[in-house]
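Peer 1: No letters, just coordinates:
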């Protein structure tokens, strides 16, 4: 398969790369590193990326910044920052990319644990995750030409334990291999409209 | 209890009104009808509403327009219309209203069936529902002074059967009483961070 992977430089994206790269042609796309440089927060970057790469069998995306902080004092703008940086780019990849994915190809988006097992300060990120999870479930019944769409929603990675030290007390940490399996199932399997929880 | 109910003129909001009005002081708020006129898509309207009403024990919201249509051809702007009209106003009610709700009071937002049991054309609405559901779950752990937050996520109302004729084949239709119970549980009960599914 020919696969676009956006966000391969991140800890979660790396798990998809490690899993898929040995048996497929993976084209990595990122803001600062990758085979192709593109910032998918800008829809013109998405269009240019698809134009440059052409038809593919799968699009995998693992990106998403956003606001993190207490609810009291949070503004609507801060919440929308998470929507605009984690939800809208991933959804736009799908809306702009339908014609670039081959018959029975797939989209795989990435969410996370915060909208099912919340921590303090995570309400904006949880809203963005929930939006992507919801979009995936409903878009799945509306896809043309047998194209599938799923989300991977991992717990905190073992590899990110230090980075998030203290924020996720009591949470399991999952291995790169476990998260990679979810991307494999989404890209190389047959399921559609699923949120693959890795925990 | 003193309760603000936004969207009492809609089919879903009416179920909350029928349930809560007999035993509480319910102040209805709407764009075109209600005790107070306000359009909560505008944050200045939300602020003016809270200023006028003062402290309450519960805020219940049942609003939400948005884009409905096939995925193929949907634009990011159309998807964001649903976010901006169904998610952001409800979330803003919470962010702007924390200081207006008494200790151990509550917020109750409204989502719906589309992000768990999708139909064709509902991807944008599903994203908005998912965002609200996710926000509610995470905001719940971050609420000050024992304030609670929940969402009510009803199937299609029996009362809306004609309005949506043909769109929800195979879906159950639920009674006003059943949906009203969910609002009652959220406002008059003790649970927090729940999405009360009525189906």
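Peer 2: On my side now, so go ahead. These numbers were taken from a predicted model, which means no experiment stands behind them.
Peer 1: give the contact list for the spatially most central residue of chain A.
Peer 2: Nearest to the mean C-alpha position of chain A, counting by CA atoms, centre = their mean, stands residue A:110 at 2.5 Å. Neighbour list for residue A:110: A:7, A:12-13, A:61-64, A:90, A:132, A:151-154 [criterion: CB atoms under 8 Å, 6 or more residues apart in numbering or on different chains]. Where you see a C-beta, it was placed from the backbone N, CA and C, and this is true even at glycine.
Peer 1: how about these in CSV, adding neighbour count and pLDDT?
Peer 2: Listed next are the contacts of residue A:110 as CSV, based on neighbours: other CB atoms under 10 Å in any protein chain shown; pLDDT from 0 to 100:
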residue, neighbour count, pLDDT
A:7, 25, 97
A:12, 24, 97
A:13, 24, 98
A:61, 27, 98
A:62, 27, 97
A:63, 23, 94
A:64, 22, 86
A:90, 28, 98
A:132, 30, 98
A:151, 26, 98
A:152, 30, 98
A:153, 25, 98
A:154, 26, 98
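Peer 1: Intersect those with the contacts of chain B.
Peer 2: Applying CB under 8 Å from any CB of the partner chain to the contacts of residue A:110, one finds that residue A:132 fall near chain B.
Peer 1: Take the contacts of residue A:110 and keep only those in helices.
Peer 2: A:12, A:13, A:90, A:132 (DSSP state H).
Peer 1: Surely residue A:127 is in a helix?
Peer 2: Yes - assessed with DSSP: H, G, I helix; E, B strand; the rest coil, residue A:127 lies in a helix.
Peer 1: Is it correct that residue A:146 is in contact with residue A:106?
Peer 2: No - counting by CB atoms under 8 Å, residue A:146 sits too far from residue A:106 to count as a contact (9.5 Å).
Peer 1: out of those two, which sits in the busier spot?
Peer 2: Taking neighbours as other CB atoms under 10 Å in any protein chain shown, residue A:146 and residue A:106 compare with residue A:106 leading, 26 against 12.
Peer 1: Surely that one is in a helix?
Peer 2: No - going by three-state DSSP, the assignment for residue A:106 is strand, not a helix.
Peer 1: What is the neighbour count of the closest residue to it other than its chain neighbours?
Peer 2: Using CB to CB, 6 or more residues apart in numbering or on different chains and skipping the chain neighbours, the partner closest in space to residue A:106 is residue A:148 (4.3 Å). Residue A:148 has 23 neighbours, counted by other CB under 10 Å.
Peer 1: and residue A:148, what does it touch?
Peer 2: Each residue near residue A:148 by CB under 8 Å, 6+ apart is listed here: A:104, A:105, A:106, A:107, A:140, A:186, A:190, A:191, A:192, A:193.
Peer 1: Distance of residue A:47 relative to chain B?
Peer 2: 11 Å (CB to the nearest CB, to the nearest Å).
Peer 1: whoops, I mixed them up, residue A:45
Peer 2: Counting by CB to the nearest CB, the gap from residue A:45 to chain B is 13 Å.
Peer 1: do residue A:51 as well
Peer 2: 17 Å.
Peer 1: and that residue, helix, strand or coil?
Peer 2: helix.
Peer 1: quick one: it from residue B:173, how far?
Peer 2: Distance from residue A:51 to residue B:173, counting by CB to CB, to the nearest Å: 46 Å.
Peer 1: Chain A: helices as residue ranges?
Peer 2: Using DSSP H, helices in chain A cover A:11-20, A:43-53, A:76-82, A:88-97, A:123-139, A:176-188.
Peer 1: show me what contacts the closest residue to the residue nearest to the centre of chain A other than its chain neighbours?
Peer 2: In space, and not counting its chain neighbours, residue A:110 is closest to residue A:62: 4.2 Å by CB to CB, 6+ apart. Contact analysis of residue A:62 by CB under 8 Å, 6+ apart lists A:5, A:6, A:7, A:8, A:10, A:12, A:13, A:16, A:110, A:152.
Peer 1: now the third one: how far from residue B:48?
Peer 2: So the one you mean is residue A:7. Counting by CB to CB - residue A:7 and residue B:48 are separated by 42 Å.
Peer 1: ditto for the last one
Peer 2: The span separating residue A:152 from residue B:48 equals 43 Å under the rule CB to CB.
Peer 1: what's the answer for the fifth one, then?
Peer 2: When CB to CB is the yardstick, residue A:10 and residue B:48 sit 43 Å from each other.
Peer 1: Settle it for me: which of the two has more neighbours?
Peer 2: Just comparing residue A:10 and residue B:48: by other CB under 10 Å the higher neighbour count belongs to residue A:10, 18 against 13.
Peer 1: if we can go back for a sec, from the contacts of residue A:62, pick the one nearest chain B.
Peer 2: Closest approach to chain B among the contacts of residue A:62 (CB to the nearest CB): residue A:110, at 14.4 Å.
Peer 1: Contact partners for residue A:27?
Peer 2: Contacts of residue A:27 (CB under 8 Å, 6+ apart): A:2, A:3, A:4, A:5, A:35, A:36, A:53, A:56.
Peer 1: Can you select the buried ones from those in ChimeraX?
Peer 2: To isolate the buried members of the contacts of residue A:27 in ChimeraX, using 16 or more other CB atoms under 10 Å in any protein chain shown:
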select /A:3,4,5,53,56
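Peer 1: Measure how buried residue A:107 is and give me the count.
Peer 2: Residue A:107 is flanked by 27 other residues according to other CB under 10 Å.
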